[in-house]
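Engineer: requesting a structural model of the entry that follows:
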Amino acid sequence: MTATLAVTREDIAALAHAPDAEERVLAAHCRARFSEFVPVFWPLVPGAGAAPDWNWHLDVFCVEAQAAAERVFRGLPKEHDVALNVPPGTSKSTIWSILFPAWLWTRMPACRVLAASHTEDLALDLANKSRQVIKSELYRALFPYVILREDQDSKGYFANTAGGDRRTCTVAGKSPIGFHAHVVLCDDPLDPKKALSEAELRTAAHFMTEVLPSRKVDKAVSVTFLIMQRLGLGDPTDVVLKSVGAKGAARVRHVCLPAELEKGADGAWDCSFVSPPELAQRYVDGLLDPKRMPRAVLDEFKARGALYFATQFQQRPYARTGGMFREGMFNRRVKAAPYAAKRVRYWDRASTDGAGCRTAGTLLAYADGIWYVEHCVAGQWEPDERNAVMRATALRDRARYGPRYEPRILYEREGGSSGRDAAKGVARALEGFAVFETPVSGSKEVRAEPWQAQLAAGNVCLVDNGESDGTGKPDWDVQGYVDEHLAFPLGDFKDRVDSSSGAFNAMAAGPRGQPALRTFRGGPPGKGKGPRLWVLTAAELAEAVVEERALLVCVRDPATLSGEGVVPHGGRSLPGEPGGPGLPAEVNGAGDVPPPPLFPPHACQALLGSVLLEFADLDPAALQDRWDEPVPPWGLPPAQLMMTRDHGRKLWSLLTKRRDPAAEVFIFSSPGGRRALSLALAAADGLRIPRDMILVAADPDNKVGADRKAPNEHVFQQAKTSRALVL
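Structural biologist: Numbers count the residues shown, from 1 in each chain. Next comes the predicted model:
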C-alpha cells in the first residue's frame with residue numbers, strides 16, 4: 001500500500017494489525033484526517049462496539065472539528081467557535097468527547113483540553129474512555145511519542161510528558177478555575193431533565209458566558225466547541241447564539257441537524273432548521289440517518305410529547321404546535337368584544353430598561369361564557385416611563401369603554417420594602433382609577449394552567465380588529481402575543497402569559513368569593529336638599545365603584561417616626577384632578593420637595609375633586625393630663641397630630657368651590673369611619689343639608705338623625721368652625 005491519502009476506510013481498518021511499515025502508513029493517515037482516525041479507533045472505545053455504518057453526519061462532525069483545530073495547531077487566530085446541535089444517539093459524545101481529544105495529541109501533544117458536562121459522573125466517564133483509547137496498544141504503536149505521565153493519571157485529570165493534559169469540570173460543580181486550555185469541549189452542559197428549571201438555565205448561561213471564556217491559553221486562538229441537543233429557549237445554545245451580536249463577542253459557526261425534515265403546505269421538504277442550509281441536500285427521504293433513526297424509531301420518540309421531540313430531535317427552541325399552549329388555541333379571532341363585557345387590565349411589572357424581564361398589561365373581557373383578549377401592551381421601561389405607560393393605557397381604556405365598562409386595573413403584589421415603594425409609584429401614577437393589588441403564589445407555570453384550560457376548551461377569542469377577515473389591522477401585537485404563549489415556559493419572556501393568566505385568575509375568582517368591588521348608587525340629589533353625603537371606611541372605599549359625580553374627602557393617619565417620617569401637616573388634593581394643585585416640578589427626586597402622600601385606592605368614576613387630610617383620631621378632651629407627652633405610635637405631642645383649622649380650610653375649599661355640573665355625592669372616608677362621619681356631620685350642618693342625606697355605607701339603612709352625635713367631637717367642631725375661613 002502506498003503512502004497516499006486516497007484510501008478507503010476498509011483499507012485503514014485492515015491495517016490495524018499490519019506490520020510496522022504499514023502501521024506507519026496508518027499512523028500518517030490517522031494524523032492527517034480526523035475522519036480517518038475515528039473508524040480505526042472506534043472499536044477501542046469501551047462499550048462502543050464495532051465501527052458504525054458510516055452516515056454522512058459523522059463526516060460533518062469530523063470536518064468541523066478538524067477545521068477549527070488546524071488553526072490551533074498553527075497558532076492562528078480562530079475564525080469562529082462551533083455550536084453543534086444534533087439529536088441524541090448520533091454518536092456525538094463518542095466522536096467529540098472521547099476520540100477528538102485523543103486525536104488532538106497525535107498532532108499537538110502539548111494541546112491542553114478542558115472538557116465540561118452537566119454532571120461529574122458523565123464528565124469522568126467520557127474522560128476515562130478517552131484515556132483508555134490513548135492507553136491502547138494500537139494507539140501507543142502508532143503514536144509512541146504520546147506518553148501519559150504516571151504522576152498525573154486520573155480520570156478527571158491526566159497529562160502527557162509533552163505538556164498536554166485533559167481536565168474535566170462540570171457546569172454547577174467542579175470548577176475549571178486555575179486551568180487554561182487550547183481547546184474547550186462542552187458536551188451536554190445542561191441535563192435534559194432540568195431544562196425547565198430557570199435556576200438551571202441561569203447557571204448554564206453563566207457558565208457559558210462568564211466562566212468558560214476566561215479558561216483559555218490564548219483567547220484569540222483557543223476554540224470552544226459546544227455539542228448538545230436543543231432543550232428549549234434559554235438553553236446554552238440559545239445563550240451562545242444570542243451573544244454573537246455583542247461587542248467583542250466571538251463568531252460562532254452553528255451546525256444544526258434535525259432528525260427529520262417536515263413537509264410544508266406546498267408538499268416540499270422544509271429545510272429552514274438545517275444549518276448550514278446546504279447540508280439539507282444530504283438528507284435521504286427527509287431523514288438524517290435512515291439506518292439508526294428510521295421513521296418507525298422516530299415515531300416512538302414522538303409519542304413522548306411534542307415539546308420533547310421538537311427540542312431534542314428537531315433542534316427547535318419549542319414545538320411548532322406549541323408546548324403548554326398550542327397554535328390552534330389562538331385561532332378564534334373577532335373584530336371586537338361586546339361593549340357591555342366585564343373587564344380587567346392586569347399588569348405584570350418589571351422596571352429594567354432594555355434588559356431583564358418586561359412589563360406587560362393584558363386587557364381581558366368576559367361576556368356570555370367567552371373570554372376576549374382585547375389588547376396587550378408589553379415593553380422594557382424604567383420605572384417612571386413604565387408608570388407613564390400604565391397611566392396612558394388606563395386613559396385609553398377609559399376613553400374607549402367609558403365609566404360604566406372601564407376595566408379594573410390590577411397588578412401583582414410584590415414583597416419587601418422595594419415592592420411597596422414600587423406600588424406607591426404605580427398608585428400615584430394611576431390616581432383616579434380603580435387600582436388593586438393582587439397576591440400571587442406558585443410558579444408561573446402553575447398560575448397559567450387555568451388560563452391554558454380555557455384556551456384548550458375554545459373559550460378564548462383574540463380581538464384583532466378584523467385582521468382575520470381582511471377588514472382591518474390590530475392596534476396591538478397579536479402575533480407576538482401568540483408566539484410568547486407558544487414558547488412558554490421556555491421562552492425568554494413570560495410576561496404576556498403571566499399577565500393573561502393573572503387577569504383570568506382574578507376575574508374567575510371574583511364570583512366564587514367576595515365581590516371585588518361594591519357599587520353604590522344614590523341617584524341624583526333631591527330637590528332643595530343638595531348632594532348626598534356618604535361615609536365609608538378606607539376598606540369600603542377601596543371596594544366601592546361610584547358612578548355619580550363626586551367629591552372625595554379622605555382622612556388617613558399621619559406616618560410614624562419609625563416609618564417614612566411624618567408627612568407635612570395639612571392636606572393635599574389629588575394631582576391632576578379639578579381643583580387640585582398638581583405636582584410641583586421638584587417632586588420625584590429632582591429636589592427636596594417630598595412626594596405626595598399615597599392616596600387611598602378608590603373607584604370613583606366621575607371624580608370632580610378630592611383632598612387627602614392627615615390627622616389622628618384624637619380628642620384634646622381626653623389628653624389634657626398628658627398634653628406635652630409624645631403620643632404612641634407617632635412619637636409626637638397631640639398638637640402636631642390632631643385636626644387643625646388648616647385641615648378645615650382645605651376641606652371647605654373643596655366642598656364650596658363652584659362646579660358645573662355640580663357634584664351629586666360627597667364621599668367621606670377614613671380608617672374605621674369615625675373621622676369621616678364627624679366630617680360629614682359638620683359638612684351637612686355647614687351647608688344646611690338635612691342630616692338624613694348622610695348614608696353610612698356599613699349600614700345603608702342607618703340614616704343619620706338630627707340628634708346624631710359625632711364620634712369625634714373635636715373633629716366635628718374644628719371642621720364646623722373652619723367654614724368661616726372660606727368664602
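
Engineer: in this structure, which helix is the longest?
Structural biologist: Longest helix in the chain by number of residues (criterion: DSSP state H): helix 383-405.

Engineer: do me a favour and average the pLDDT over that one.
Structural biologist: Mean pLDDT, helix 383-405: 88.

Engineer: also stretch 226-245?
Structural biologist: So the average pLDDT for stretch 226-245 ends up being 85.

Engineer: got the CA coordinates for it in CSV?
Structural biologist: Extracted as CSV, the C-alpha positions of stretch 226-245 are listed here (Å, rounded to 0.1, in the frame of the first residue of the first chain):
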residue,chain,number,x,y,z
LEU,A,226,-20.5,23.3,22.3
ILE,A,227,-22.1,20.0,21.4
MET,A,228,-25.7,19.3,22.6
GLN,A,229,-29.3,18.6,21.5
ARG,A,230,-31.6,21.6,21.9
LEU,A,231,-33.6,21.8,25.1
GLY,A,232,-35.6,24.9,24.5
LEU,A,233,-35.3,28.7,24.5
GLY,A,234,-32.7,29.9,27.1
ASP,A,235,-30.6,26.8,26.8
PRO,A,236,-26.8,27.1,26.3
THR,A,237,-27.1,27.1,22.5
ASP,A,238,-29.6,29.9,22.7
VAL,A,239,-27.3,31.9,25.0
VAL,A,240,-24.3,31.4,22.8
LEU,A,241,-26.0,32.3,19.6
LYS,A,242,-27.5,35.4,21.1
SER,A,243,-24.2,36.6,22.4
VAL,A,244,-22.8,36.8,18.9
GLY,A,245,-24.1,40.3,18.3
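
Engineer: per-residue pLDDT, D495?
Structural biologist: The model reports D495 with a pLDDT of 89.

Engineer: residues touching it, list them.
Structural biologist: Neighbouring residues of D495 by Cβ atoms under 8 Å, 6 or more residues apart in numbering: 348, 350, 357-360, 378, 484. C-beta: built from backbone N, CA, C; applies to glycine.

Engineer: let's go with 7 Å and repeat that
Structural biologist: Contacts of D495 were listed using Cβ atoms under 7 Å, 6 or more residues apart in numbering, and they are 348, 350, 357-360, 378.

Engineer: from the residues you listed, which is closest to V535?
Structural biologist: Relative to V535, the closest of the contacts of D495 is D348; by Cβ to Cβ it sits at 36.2 Å.

Engineer: okay, strands next: where are they in the stretch 151-300 of the chain?
Structural biologist: Ranges of strands within the stretch 151-300 of the chain are 157-160, 165-170, 183-187, 223-228, 252-256, 262-263, 269-270, based on DSSP state E, counting those that start in this stretch.

Engineer: how big is the angle separating the following helix or strand past the longest helix of the chain from helix 383-405?
Structural biologist: The element immediately downstream of helix 383-405 (helix or strand, assigned by DSSP states H and E) is strand 408-412. Counting by axes from the mean of the first three to the mean of the last three Cα atoms, to 10 degrees, strand 408-412 lies at 140 degrees to helix 383-405.

Engineer: who's in contact with strand 408-412?
Structural biologist: Contacts of strand 408-412 (Cβ under 7 Å, 6+ apart): 344-349, 394, 426, 430, 433-438, 440, 502, 506, 516-517.

Engineer: any quick PyMOL command for the buried ones out of those residues?
Structural biologist: Of the contacts of strand 408-412, the buried ones go into a single PyMOL selection, burial set by 16 or more other Cβ atoms under 10 Å:
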select buried, resi 344+345+346+347+348+349+394+426+430+433+434+435+436+437+438+440+502+506+516
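
Engineer: just the contacts of strand 408-412: which are in strands?
Structural biologist: Counting by DSSP state E, the contacts of strand 408-412 place 344-348, 435-438 in strands.

Engineer: looking at the residues you listed, which one is closest to C111?
Structural biologist: Using Cβ to Cβ, D348 comes nearest to C111 of the ones in strands among the contacts of strand 408-412, at 49.7 Å.

Engineer: so for C30, which of the strands of the stretch 151-300 of the chain sits nearest?
Structural biologist: Of all those, the one in closest proximity to C30, counting by Cβ to Cβ, is strand 157-160 (17.2 Å).

Engineer: any idea of the mean pLDDT in the closest one?
Structural biologist: Strand 157-160 shows a mean pLDDT of 94.

Engineer: in the stretch 401-550 of the chain, which spans are strands?
Structural biologist: 408-412, 435-438, 460-463, 518-520, 532-537, 544-556.

Engineer: mean pLDDT for those: which is lowest?
Structural biologist: The minimum mean pLDDT among the strands of the stretch 401-550 of the chain belongs to strand 518-520 (a mean of 43).

Engineer: residues near S136, how many?
Structural biologist: When counting by other Cβ atoms under 10 Å, one arrives at 16 neighbours for S136.

Engineer: which non-adjacent residue is nearest it?
Structural biologist: In this structure, S136 finds its nearest non-sequential neighbour in L44, 4.8 Å apart by Cβ to Cβ, 6 or more residues apart in numbering.

Engineer: any idea how far P101 is from the one you found?
Structural biologist: Per Cβ to Cβ, to the nearest Å, L44 is found 14 Å from P101.

Engineer: quick revisit: need the strands of the stretch 401-550 of the chain in a markdown table (columns: distance to C256).
Structural biologist: Below are the strands of the stretch 401-550 of the chain laid out as a markdown table (distance: least, Cβ to Cβ, whole Å):
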| stretch | distance to C256 |
| --- | --- |
| strand 408-412 | 37 |
| strand 435-438 | 42 |
| strand 460-463 | 32 |
| strand 518-520 | 58 |
| strand 532-537 | 63 |
| strand 544-556 | 55 |
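
Engineer: among the ones you listed, which comes closest to W269?
Structural biologist: With Cβ to Cβ as the yardstick, what comes closest out of the strands of the stretch 401-550 of the chain is strand 460-463 (31.5 Å).

Engineer: the closest one: which residues count as buried?
Structural biologist: Under 16+ other Cβ under 10 Å, the buried positions of strand 460-463 are 460-463.

Engineer: turn those into TSV, columns for distance to A453.
Structural biologist: Below are the buried residues of strand 460-463 laid out as TSV (distance: Cβ to Cβ, whole Å):
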residue	distance to A453
V460	10
C461	16
L462	17
V463	21
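
Engineer: return the member of those nearest to D368.
Structural biologist: Taking Cβ to Cβ as the measure, C461 is the one of the buried residues of strand 460-463 closest to D368, at 11.2 Å.

Engineer: surely that closest one touches I370?
Structural biologist: Yes - using Cβ atoms under 7 Å, C461 is in contact with I370, at 6.0 Å.

Engineer: check contacts around I134.
Structural biologist: Taking Cβ under 7 Å, 6+ apart as the test, what I134 contacts is 102, 146, 148.

Engineer: picking up where we left off before, which of the strands of the stretch 401-550 of the chain sits most buried?
Structural biologist: Per-stretch averages of neighbours, counted by mean count of other Cβ atoms under 10 Å, single out strand 532-537 among the strands of the stretch 401-550 of the chain, with a mean of 25.

Engineer: which strands or helices does it pack on?
Structural biologist: Applying 3 or more Cβ pairs under 7 Å, 6 or more residues apart in numbering; DSSP states H and E, we find strand 532-537 packed against strand 665-670, helix 674-686, strand 694-696.

Engineer: A204 contacts P189, correct?
Structural biologist: Yes - the pair A204 / P189 is scored as a contact, 5.4 Å apart, by Cβ under 7 Å.
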